Structure formats: structure tokens, C-alpha cells
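A.B. asks: Sequence first, then the predicted structure, then my questions.
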Amino acid sequence: MGKEMGVIPAGIGVEPEVEAVVASYADRVAELSELAIAIQQIPAPTGDEAARAAWIAARWQAAGLADVSTDEVANVYARIPGRSTQRALLLSAHTDTVFGHDVDLTVRRDETGGRIYGPGIGDNSTGVAALLMLADDLRRLPAPPVDIWLVANSREEGLGDLVGMRAAVDRLQAQLGAVLVIEGMGLGRIVHRGLGSRRYRIAVDAPGGHSWSDFGAASALHTLVLLAAELTRLRPPESPRTTFNIGRLMGGTSVNTIAQHAWLELDLRSEETAALARIVEQVSVIVASYQAPKWQRRGVKVRAELIGDRPPGEIAADHPLVVAAQTVLEALGVRDSGDLRISSTDANVPLSRGIPAVCLGVTEGGDAHRAGEWIRPAPAAKGMAQLLLLIRWTAAWLGGAAVETDAQGAKPHP
């Protein structure tokens with residue numbers, strides 16, 4: 001392999017055919033970028049991924065992949081058959097984006113800065129493009145030791161609440177031994193801890209009326225802002241890190257109308273399950289205080305609805321899968337190869353069920369979830385090499401290869 005791509009670490013144990021594909025990624029960056037743009041041009045807001053899913057399914061069917069299917073939540077599945085029936089590997093990338101159908105998806109290329117700009121280009125069109133390119137490569141390589149399931153899954157973002165990954169793990173859990181989740185940006189990061197979160201919609205109904213003639217009548221907005229003010233006085237612990245955020249507050253009819261309806265959306269997060277439970281309880285106490293008889297007598301009704309529940313989970317920093325990912329990144333010369341993270345990703349689902357999982361990035365990028373979102377295509381050569389090497393390592397590990405964990409990393413042995 002070329003010097004700039006690093007060397008395949010000793011012990012990763014790849015075949016010559018795999019090494020040749022790894023070397024080829026340096027010349028296929030443009031191909032990956034064009035594929036990402038093609039995906040990005042198909043709108044796929046969370047919960048409405050069907051068009052993008054159909055495009056992926058047609059591509060996989062045309063390629064002759066095994067067991068191509070689409071489920072009721074617009075997940076697309078395919079399988080690379082392995083040599084044994086040992087626990088399988090799941091490789092996934094989410095298809096949805098935070099951008100709605102009304103967003104201009106025009107792409108802009110900055111040749112001088114080496115960037116491509118466009119809504120959703122990094123999160124997660126590049127991740128899906130990597131999944132599709134890996135599917136093409138894996139089907140041409142020698143059969144892996146175990147089955148590799150490919151899933152282009154829906155509903156990762158926001159209130160999608162990881163519905164797509166939940167459905168995929170529900171369907172395949174009995175077969176799974178490990179999961180690798182692909183995100184388009186964040187090359188060098190290894191997410192091995194799933195950040196737990198709870199999301200609530202707190203709604204208020206009140207009699208309302210005309211701002212002059214009915215002055216004094218209970219207002220849904222006045223009640224809600226009082227409740228919200230109490231929420232802002234929460235004092236979560238710094239360790240374990242715990243956070244809250246009122247992300248949206250809506251309500252009312254007009255400037256001269258006492259509001260009959262209002263609601264807010266609240267996000268609660270913690271790196272520890274017990275700490276998350278404590279702040280949830282604190283919120284419940286605040287909500288309950290606005291459900292007391294003195295509010296009911298004024299015709300005020302307050303209710304809290306759970307609209308998101310992302311389960312926490314983790315594997316240790318010295319888990320063989322984490323160490324193998326670090327070893328590969330270090331050998332490829334990727335900076336921040338020891339950048340271990342906690343985050344809220346599709347990996348939360350398998351981690352919460354005791355299935356080893358990590359989430360990895362394809363390339364560098366920024367301004368995620370903004371109109372000016374961008375990627376740098378050039379680093380994707382190393383990002384793709386990272387993914388293919390770790391896929392082959394993990395398949396060997398699941399197939400029964402012994403693993404040594406030391407300062408040099410995780411090494412499978414036949």
C-alpha cells in the first residue's frame with residue numbers, strides 16, 4: 001500500500017484480495033463522492049425514507065446480493081453469506097435526514113478548499129454511500145467467516161427514536177454477534193458508549209378567551225412558561241454528565257387571544273442510567289405540581305407524553321472490538337485514533353441489548369444539520385480502508401479466531 005495510506009497492522013490477517021481493495025480506495029474517492037451526492041438528492045426526512053429505501057433496494061437487487069428485502073419501517077436488508085453459521089455481523093447506515101421536502105438540496109463544490117457542501121451530504125448520505133460501496137466490495141471478495149448483514153436503516157434522527165435500528169435488531173438479534181454503525185462524518189472517532197436520553201412533550205390545555213373581555217381566565221401559554229421556568233432551574237450533576245434542553249415551545253392563536261393550547265418539547269440526557277432516572281423524576285415532580293387541584297379548578301389540564309427513549313449501553317474501552325478499531329486507525333495514520341466517545345447513535349440499540357457495537361465515521365465534515373453542511377472527500381480513502389479492515393477483523397473474531405489484547409491492539413489468529 002502507498003505510504004500515505006499507512007500499512008495494514010500485523011495480525012489483522014487480511015487476504016491479498018482484501019489488501020488490494022484497501023489500496024484501491026485512494027483512487028475511488030470521486031466515485032464515493034458521486035454516490036453520496038446521488039443519495040443526497042433523494043429527499044429522506046425522518047419517517048419518510050421510502051423513496052431512498054427503494055433506490056437502495058433496487059441497487060442491491062441489481063447487484064445480486066442475497067436476501068434483499070424492505071420492512072414496514074423502510075429498512076433495506078441484504079446479506080453477504082459467510083462460511084459458517086456462527087454469530088453474524090451487522091453493518092448499518094441510517095438513511096434519514098433532518099431536512100424536509102421543502103429544503104433546497106443543491107450541492108456546491110469548493111475545489112480550492114476540497115469540500116462538498118449540501119444539506120445532509122455528511123449526515124448521512126456519505127455514510128450510506130460507504131455502505132453501498134462496501135456491499136459491492138464485500139460481494140466480490142472471498143466469503144467471510146460469518147454472515148454479514150447490510151442494513152440501510154430508517155428513523156435515526158430526532159424523534160425517529162431509533163425505530164429503524166430497533167426493528168433491525170429485533171429481526172436479526174438471534175443471529176447477531178456484533179454491530180458496526182457507519183456515520184458519514186467523524187473519521188477517527190470510535191463511539192463505544194451509547195448516551196441515554198428521554199424526550200417529552202408537555203402539553204397544557206386551558207379555557208382561554210379574549211385578551212380583554214376574558215382577562216383573568218387561565219392561559220395555556222402562561223401556565224406553560226411558568227412550568228418551563230421551573231424546568232430551567234433544574235441543576236443536573238456535572239458527573240455523571242447530565243443535561244436538559246427545552247428545544248421547542250409552541251402555542252396560542254393570536255396576540256389578542258388567551259391561549260387554549262400550548263406545548264413544549266424537553267430533551268433529557270445522561271451518561272448514566274441512574275442519573276437519567278433522577279432527572280426524569282425531578283421533571284415528573286414539576287409536572288405533577290401543575291396537575292394539582294388549584295390548577296384543575298381553573299380548568300387547566302397538564303399532561304406529559306414520552307416521545308423519545310434512547311436506551312444507554314456501552315462496551316469497555318479495552319473491549320477487543322474497540323482495541324481493533326484503534327489499531328486499524330493508528331496503522332492508517334488517522335489522527336485522533338484514540339478518540340473514544342459517548343454519543344447517541346444507532347449503536348445505542350445493540351449496546352443496550354448486550355451486543356458489542358461501535359459507531360465509526362467515513363470522512364471529515366462539519367455543520368451537521370445545517371444548510372451549509374459539508375464534507376472533505378479526500379480523507380474518505382482512509383475511512384473506507386478503516387471500515388473494510390475492521391469488517392474483516394470482526395468477521396474473523398466472530399468466526400472463532402482467538403484475540404490477543406495488548407499494547408499493539410487486538411489481533412485475530414487462525
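C.D. replies: Okay, I see it.

A.B. asks: Dump stretch 269-285 to PDB, keeping only the CA atoms.
C.D. replies: Extracted in PDB, the C-alpha atoms of stretch 269-285 (Å, rounded to 0.1, in the frame of the first residue of the first chain):
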ATOM      1  CA  ARG A 269     -29.700  13.100  28.600                       C
ATOM      2  CA  SER A 270     -27.200  11.400  30.900                       C
ATOM      3  CA  GLU A 271     -24.200   9.100  30.600                       C
ATOM      4  CA  GLU A 272     -25.500   7.100  33.500                       C
ATOM      5  CA  THR A 273     -28.900   5.300  33.700                       C
ATOM      6  CA  ALA A 274     -29.500   6.100  37.400                       C
ATOM      7  CA  ALA A 275     -28.700   9.800  36.800                       C
ATOM      8  CA  LEU A 276     -31.100   9.900  33.900                       C
ATOM      9  CA  ALA A 277     -33.800   8.400  36.100                       C
ATOM     10  CA  ARG A 278     -33.200  11.000  38.800                       C
ATOM     11  CA  ILE A 279     -33.700  14.000  36.400                       C
ATOM     12  CA  VAL A 280     -36.800  12.300  34.900                       C
ATOM     13  CA  GLU A 281     -38.200  12.100  38.400                       C
ATOM     14  CA  GLN A 282     -37.400  15.700  39.100                       C
ATOM     15  CA  VAL A 283     -39.300  16.700  35.900                       C
ATOM     16  CA  SER A 284     -42.200  14.500  37.000                       C
ATOM     17  CA  VAL A 285     -42.500  16.300  40.300                       C
END
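
A.B. asks: Which residues does that stretch contact?
C.D. replies: Residues from elsewhere that reach stretch 269-285, judged by C-beta atoms under 8 Å, 6 or more residues apart in numbering: 193, 195-198, 200, 231, 234, 236-237, 240-244, 266, 268, 304, 312, 342, 344. No exception for glycine: its C-beta is placed from N, CA and C like everyone else's.

A.B. asks: Give me the residue ranges of the stretch 1-150 of the chain where confidence is low.
C.D. replies: Residues of the stretch 1-150 of the chain that meet the criterion pLDDT under 70 lie in 1-13.

A.B. asks: residue ranges for the helices of it, please.
C.D. replies: Remark: helices assigned in the stretch 1-150 of the chain by DSSP state H, counting those that start in this stretch are 16-24, 29-40, 50-63, 127-140.

A.B. asks: Can you tell me which helices and strands the first one packs against?
C.D. replies: Contact here means 3 or more C-beta pairs under 8 Å, 6 or more residues apart in numbering; DSSP states H and E; on that basis helix 16-24 packs against helix 380-398.

A.B. asks: Wait, a helix at residue 323?
C.D. replies: Yes - under DSSP: H, G, I helix; E, B strand; the rest coil, residue 323 falls within a helix.

A.B. asks: Please parse this protein into its domains.
C.D. replies: 3-194+312-413, 196-310 (automatic domain parsing).

A.B. asks: Could you identify which of those is most buried?
C.D. replies: Ranked by mean neighbour count, the domains of the chain are led by domain 3-194+312-413 with a mean of 20 (mean count of other C-beta atoms under 10 Å).

A.B. asks: re the thing from before, now render the helices of the stretch 1-150 of the chain as a markdown table, adding distance to residue 85.
C.D. replies: Putting the helices of the stretch 1-150 of the chain into a markdown table (distance: least, C-beta to C-beta, whole Å) gives the following:
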| stretch | distance to residue 85 |
| --- | --- |
| helix 16-24 | 22 |
| helix 29-40 | 32 |
| helix 50-63 | 22 |
| helix 127-140 | 18 |
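
A.B. asks: Give me the subset of the contacts of stretch 269-285 lying in helices.
C.D. replies: With DSSP state H as the criterion, helices contain residue 231 from among the contacts of stretch 269-285.

A.B. asks: Could you tell me which of the contacts of stretch 269-285 belong to strands?
C.D. replies: Among the contacts of stretch 269-285, the residues falling in strands (DSSP state E) are 193, 196, 197, 198, 200, 242, 243, 244, 266, 268, 304, 342.

A.B. asks: Between these, which sits nearest residue 209?
C.D. replies: Among these, residue 304 lies closest to residue 209 (C-beta to C-beta), at 25.2 Å.

A.B. asks: returning to what we had before: could you work out the most separated pair of the ones in strands among the contacts of stretch 269-285?
C.D. replies: 193 and 304 (27.6 Å).

A.B. asks: Got phi/psi on the residue positioned nearest the centre of the chain?
C.D. replies: Nearest to the geometric centre of the chain sits residue 345, at 3.3 Å (C-alpha atoms, centre = their mean). Here is the backbone geometry of residue 345 (degrees, to the nearest 10): phi -140, psi 180.
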